[in-house]
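J.: Dropping a prediction and its sequence here:
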Amino acid sequence: MLCAGGAQAASMTMIVDPGTLPVTSELARRLQRHVAVLAAPDLQGRKPGTEGNRKAAQFLADQFQAIGLEPLASLHGYRQQLDGGLGDNLIGMKPAAGPPGPAPWILVGAHFDHLGGKYLGADDNASAVGILLETARAMPALAHHHLLFVAFNAEEPPYIRTPLMGSQQFVDRLPSEIAMPSRVHAVIIMDLMGGVHWTPLRDTLFAAGAEQSPGLYARLKQASRLEARGSRLEAVPSAPLASRPSPLAVLPLGMHLIEELPLVGQTSFSDYDSFRNVGVPFLFLSAGRTPRYHQPSDLPDTLHYERMAATVGWLQRLLPAVGEDRELYRIEKNRMELADDIATLRLLAALAAQEDSEIPGTSFLSRSKMRTDAQWLERLDPGRTTADDIRRLQRLSLRMQCLLADLPICFLL
């Protein structure tokens, strides 16, 4: 009993209490205000087609105007009306600073809708929309690329992975200024950017999808060097794109480690899929699910606003670097970066396998599996992986995601 109690106490110390996280910078306070508006009870969860969703869209249009984003002339404003009476996507741009004429586009996007009713959606996805707004405010015009900032509607069920999804309607009816997917240099999609639960991930984001585009992945790697220090993951101070040490650690993680579900196969989870399907290179950023995912407890006072502020700074460094690449990126749909996948999971599994730093709620069976896999990862040679090794990596990744979201089926994975 003493051992069990000690393990439970150690596990509890790994839970981050968002109420203890300071909000001290002006940027973090602005982000907090954006989330407070979007996740306010009077917007009733921003369900597509509702008055609350329309109020959120108006707030975003007002913010785009205040920031100084330009509307697309073909849309006669910031709104792209969706079919099905669902409302609008909100679109604003910063034109390239170079000579007038055609230029490729870099798109930064996040969905602003949620489930409606008592589900107010602070993390999902007011957090990412706040980051989108503040990145748009902070970014100067790029020399050779137009910047497009898009708040997508209708991402949540039942619209996700259907033709009615807001990002899918955007891709299907690209504004004439863009005209064709091949003119989109890269897309950065953000989802679930403010949640925090497990101490080692307090100042960490996951970055997926760029591994399918060598040029974009090279830029991600420049901005994402990190290492484990105790029970924390910290950015390496000498990261090439950082002018000073960053509090943010960005972990690369292949899409196959997120999407490959047992007995189901590949399943997409956000707006990036609409762009991937037409061959546009993409980066998907997320802090991952927490036990508050799709729950009434997903409220503004449960977010990590200083990490969100650090994300704005990180994007301010990444976007100009991407903009330096004049040759359009190519996408290789099944490309993997297994050495980096293994390095990421090796860091996380080593922490999750220890009783004093395990993911809260880890069962005896899950702990045993985690320890076995952590030992296996230490021996795994990235240059000699087999199909069975890749499937095991995928299962380990899903088990960790399941534990982080406190789902009851974790022990089965």
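T.: Looks like it arrived, so ask away.

J.: how about the strands of the stretch 101-250 of the chain, start to end?
T.: 105-111, 146-152, 184-190, 204-208, 226-229, 232-235, 249-252 (DSSP state E, counting those that start in this stretch).

J.: Switch the ones you listed over to a markdown table; also include mean pLDDT.
T.: Output for these, formatted as a markdown table (pLDDT from 0 to 100):
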| stretch | mean pLDDT |
| --- | --- |
| strand 105-111 | 98 |
| strand 146-152 | 98 |
| strand 184-190 | 98 |
| strand 204-208 | 96 |
| strand 226-229 | 48 |
| strand 232-235 | 52 |
| strand 249-252 | 93 |
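
J.: Let's have the ones you listed in CSV, adding distance to residue 72 and mean neighbour count.
T.: C-beta: built from backbone N, CA, C; applies to glycine. Formatted as CSV, these follow (distance: least, Cβ to Cβ, whole Å; neighbours: other Cβ atoms under 10 Å):
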stretch, distance to residue 72, mean neighbour count
strand 105-111, 11, 25
strand 146-152, 8, 25
strand 184-190, 14, 26
strand 204-208, 28, 23
strand 226-229, 37, 14
strand 232-235, 36, 19
strand 249-252, 30, 23
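
J.: could those be laid out in CSV, adding distance to residue 219?
T.: Output for these, formatted as CSV (distance: least, Cβ to Cβ, whole Å):
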stretch, distance to residue 219
strand 105-111, 11
strand 146-152, 15
strand 184-190, 9
strand 204-208, 11
strand 226-229, 16
strand 232-235, 16
strand 249-252, 12
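
J.: Now do the domain split for this protein, please.
T.: Following automatic domain parsing, one gets these domains for the chain: 21-336, 337-413.

J.: Between the two ends of the first one, what distance do you get?
T.: By that I understand domain 21-336. 36 Å (Cα to Cα, to the nearest Å).

J.: how about the nearest residue to residue 328, chain neighbours excluded?
T.: residue 185 (5.9 Å; Cβ to Cβ, 6 or more residues apart in numbering).

J.: thought the one you found was touching residue 103?
T.: No. Contact criterion Cβ atoms under 8 Å: residue 185 and residue 103 do not qualify, at 9.2 Å.

J.: residues of stretch 15-26 that come out buried?
T.: Residues of stretch 15-26 classed as buried: 16, 18, 21 (neighbour count, 16 or more other Cβ atoms under 10 Å).

J.: Now for residue 144: which residues touch it?
T.: When contacts are counted by Cβ atoms under 8 Å, 6 or more residues apart in numbering, residue 144 touches 96, 98, 103, 104, 323, 326.

J.: Just the buried subset of those, please.
T.: If you count burial by 16+ other Cβ under 10 Å, the buried members of the contacts of residue 144 come out as 96, 103, 104, 323.

J.: With respect to residue 128, which of these is nearest?
T.: Within these, the smallest distance to residue 128 is 21.1 Å, found for residue 323 (Cβ to Cβ).

J.: mind checking the end-to-end distance for stretch 108-116?
T.: First residue to last in stretch 108-116 (Cα to Cα) measures 25 Å.

J.: swap in stretch 71-82?
T.: 17 Å.

J.: So for it, mean pLDDT?
T.: Per-residue pLDDT values over stretch 71-82 give a mean of 97.

J.: Ok, stretch 120-130 next?
T.: 98.

J.: now what about it, what contacts it?
T.: Outside stretch 120-130, the residues touching it (Cβ under 8 Å, 6+ apart) are 30-31, 34-35, 38-41, 43, 45-46, 60, 110-115, 151, 155-156, 190-195, 287, 290, 292-294, 296, 298-300, 302-303, 308.

J.: One more pass at 6 Å, please.
T.: Stretch 120-130 is contacted from outside by 31, 34-35, 38-39, 45, 110-112, 114, 151, 190-195, 298-300, 303, using Cβ atoms under 6 Å, 6 or more residues apart in numbering.

J.: hang on, the earlier thing: I'd like to know which of the buried residues of stretch 15-26 is nearest to residue 53.
T.: Out of these, the member with the shortest distance to residue 53 (by Cβ to Cβ) is residue 18, at 25.9 Å.
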